[in-house]
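**Q** I would like the atomic coordinates for the input below:
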Amino acid sequence: MAPGAAFRLYPMNRLLLVAVVAALYLLHQDVWFWGQARPLLFGFLPVGLAYHAGYCLAVSLLMWTLTRVAWPGHLESSDETTRDVSR
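**A** Model prediction:
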């Protein structure tokens, strides 16, 4: 099964993906945790570090989704008319 075959990229789905990317971009600018190391989560983990750990997991899931759903298919097609640049 080709990447993105089970999920067609309709305009509404594309808009949703763009909105999620924009939301995660804005959430990366976490000014609310600057200058404080408290509260500690689990008794040892600063809240800002825990936030970024969760943020990295969310962005990783988003990137996986984008490569499965929105990857341009023409980049994966093997066409004999294209030349291998490395030779």
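
**Q** Would you mark the buried spots in the host helix or strand of Asn13?
**A** In the assignment (DSSP states H and E), Asn13 maps to helix 11-28. Residues of helix 11-28 classed as buried: Leu17 (neighbour count, 16 or more other Cβ atoms under 10 Å). (C-beta placed from N, C-alpha, C; glycine too.)

**Q** now do stretch 49-59
**A** So for stretch 49-59, counting by 16+ other Cβ under 10 Å, buried means Tyr51.

**Q** How far does it sit from its chain's centre?
**A** 12 Å (Cα atoms, centre = their mean, to the nearest Å).

**Q** and if you look at stretch 43-60?
**A** Taking mean C-alpha positions (Cα atoms, centre = their mean), stretch 43-60 and its chain are 15 Å apart.

**Q** Could you check how far Leu24 is from Leu61?
**A** 10 Å (Cβ to Cβ, to the nearest Å).

**Q** ah, wrong one, I meant Val47
**A** Distance, Val47 to Leu61, using Cβ to Cβ: 21 Å.

**Q** ok, those two, which is more surrounded?
**A** More neighbours surround Val47 than the other of Val47 and Leu61, with 16 against 12 (other Cβ atoms under 10 Å).

**Q** What segments of this structure are helices?
**A** 11-28, 47-69 (DSSP state H).

**Q** how far off helix 11-28 does the longest one point, in degrees?
**A** In this structure, helix 47-69 runs at an angle of 160 degrees to helix 11-28, with axes from the mean of the first three to the mean of the last three Cα atoms, to 10 degrees as the basis.

**Q** which secondary structure elements does helix 47-69 contact?
**A** helix 11-28, strand 40-41 (3 or more Cβ pairs under 8 Å, 6 or more residues apart in numbering; DSSP states H and E).

**Q** try it again with 7 Å
**A** Contacts defined by 3 or more Cβ pairs under 7 Å, 6 or more residues apart in numbering; DSSP states H and E place helix 47-69 against helix 11-28.

**Q** Measure how far the helix holding Asn13 is from the centre of its chain, please.
**A** Worked out by Cα atoms, centre = their mean, helix 11-28 lies 9 Å from the chain centre.
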